[in-house]
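[1] Need the 3D shape of this:
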Amino acid sequence: MQAAAPPELAVFCDREYRRLVGALGLYCGDRDLAEDLAQEALVRVCQHWPQVKEMASPGAWAHRVAINLANSHYRRRALHRRVTPLITERGDHHDADVAAGVDVRRALLALRPRYRTAVVLRYYLGHSTRETAGLMGVPEGTVKSLLHRAVGQLRDALGDRVLEEVTDA
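    Below is the predicted model:
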């Protein structure tokens, strides 16, 4: 029989779930996948709650775990795409366009993963440049450079309304 979850854990999970789904939805372009990854990230939070609750920013840790899970998902999917034609006689594997519909999501998905990570952490989740740097494990200057390049690419794709749309997404 398992012990009941501490009340602060339930409050944390309730608060972070929507933010995780929102951030992962922008990062992945697929709400169903975002919900699955958010749930998996919260499972990891629950598994490590004694350590996580003592961290300076447990929410930031959960978001880093979620982004790592998304990156792992895409690595597995890329491997599957490379291997499937080798296994089957017909190499006509097609993925559904999960990002169809929303221009901002499409533009975000076109960014390199590091750019996309920086944009989602900084503009969608509202982390400071310093916090974003900590979550990404890079210097602040690198985050500023990534954001500058990402915003430039988003402006090219969407026009000057990009920052308003990204922060309102």
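
[2] tell me which residues in the longest helix along the chain are buried?
    Criterion DSSP state H: the longest helix present in the chain is helix 58-87. Going by neighbour count (16 or more other CB atoms under 10 Å), the buried part of helix 58-87 is 58-67, 69-70, 73. To be clear about C-beta, it is placed using only N, CA and C from the backbone, and glycine gets the same treatment.

[3] Could you list the low-pLDDT ranges of this protein?
    Scanning the chain for pLDDT under 70 picks out 1-3, 79-102, 160-169.

[4] quick one: contacts for the residue nearest to Pro58 when sequence neighbours are not counted?
    Distances taken as CB to CB, 6 or more residues apart in numbering put Val52 closest to Pro58, at 4.8 Å, once the chain neighbours are dropped. Applying CB atoms under 8 Å, 6 or more residues apart in numbering, we find Val52 in contact with 45, 58, 61-62.

[5] Let's see that with 7 Å instead.
    Shown in contact with Val52 (CB atoms under 7 Å, 6 or more residues apart in numbering): 45, 58, 61.

[6] do you know how far it is from Val65?
    As for Val52, its distance to Val65 is 9 Å (criterion: CB to CB, to the nearest Å).

[7] And for Ala150?
    Distance, Ala150 to Val65, using CB to CB: 22 Å.
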